[in-house]
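Engineer: Build the 3D model from these lines:
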Amino acid sequence: MVSQEQRRRQLAREKFLRQQQRRTVARRKTRMRNSVIASVLGVIVIGSLALYTTGVLKGDDDSKENAGAEVTPSATPSKAPDPCEKPAEGKVRTATWKKEPALTVDKSAKYTMKLATTCGDIDIALKASAAPHTVNSFDFLAGKGYFDHSKCHRLTTNGIYVLQCGDPTGTGTGGPGYNIPDENLKDKSLKNNIYPAGTIAMANTGQKNSGGSQFFLVYQDSQLPPSYTPFGTVSESGMKVLKKIADAGESTGQGDGAPNATVVINKATVTKS
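Structural biologist: This is a model prediction of the structure:
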């Protein structure tokens, strides 16, 4: 017999996977629309094009079903006070690259990543030897300022317990333009399909080798299939920051939406030692 709790967790995992799949479809549609809009620019006056573009993007947003932080609830539940500070001045960078950066990470060295957020610093010990492509990509993107001033756009508080970040667009559909391979899926920390609290892992579309720049931070043990590259461990002080964010809740009241806390990565830094 499957217990009610097991069934609830199974439904939560299935929902998580469906949302990741919808996001990759949305990314493809966006690329196609951008190509069409570029070709239309030469034959449509600027004013008409502005109205057309606005209509298309609005329609696309409305068609997303249960798409995490992308959905704006009709009635926002009462919120706890925002525990975080105002973001530092600056703009996000939405540059993309055609292919994964060359693998230059030293697998024998120690790497750490610091996410200096509006809610506090989150320090992470990275697993360069077990997930070299992932750590190499984060080293590259952090060096380009890719994560700086970006929002953590999704918080789940039901079934799975994660804070998702890494999309400069803040929509849950953005990425660096390339994908990296899945790695370290048999990490010894993953037992009985549990991603333990303190894990940082790659988000993906539900397809193999579809990770980009989005990642999630596990603030409480979460049952998920071992399909998401675990590539680091959050420090004890970083876990306190995550708990503060989680305690503030999410915007929909349904357990999956934008965090109520203003979580912005002011600066991401990867350091080799």
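
Engineer: Would you map the strands across the stretch 101-250 of the chain?
Structural biologist: Using DSSP state E, counting those that start in this stretch, the strands of the stretch 101-250 of the chain run over 111-117, 120-126, 150-151, 154-156, 162-165, 194-195, 199-202, 215-218, 222-223, 230-234.

Engineer: and residue 133, which of those is closest to it?
Structural biologist: Closest approach to residue 133 among these (C-beta to C-beta): strand 230-234, 9.3 Å. To be clear about C-beta, it is placed using only N, CA and C from the backbone, and glycine gets the same treatment.

Engineer: export the closest one as CSV, just CAs?
Structural biologist: Only the C-alpha atoms of strand 230-234 are listed here, as CSV (Å, rounded to 0.1, in the frame of the first residue of the first chain):
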residue,chain,number,x,y,z
PRO,A,230,24.5,17.7,-7.0
PHE,A,231,27.6,19.9,-7.1
GLY,A,232,28.1,21.4,-3.7
THR,A,233,27.2,21.8,-0.1
VAL,A,234,25.9,24.9,1.7
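
Engineer: Can you spell out which helices and strands pack onto that strand?
Structural biologist: With contacts defined as 3 or more C-beta pairs under 8 Å, 6 or more residues apart in numbering; DSSP states H and E, strand 230-234 has these neighbours: strand 120-126, helix 132-143, strand 199-202.

Engineer: so where's the stretch 1-150 of the chain uncertain?
Structural biologist: Residue ranges of the stretch 1-150 of the chain with pLDDT under 70: 1-10, 12-14, 17-18, 20-79.

Engineer: Could you pick out the longest strand of the protein?
Structural biologist: The residue-count maximum for a strand in the chain (DSSP state E) belongs to strand 264-272.

Engineer: one step back: for the helices and strands packed on strand 230-234, which one ends up most surrounded?
Structural biologist: Ranked by mean neighbour count, the helices and strands packed on strand 230-234 are led by strand 199-202 with a mean of 26 (mean count of other C-beta atoms under 10 Å).
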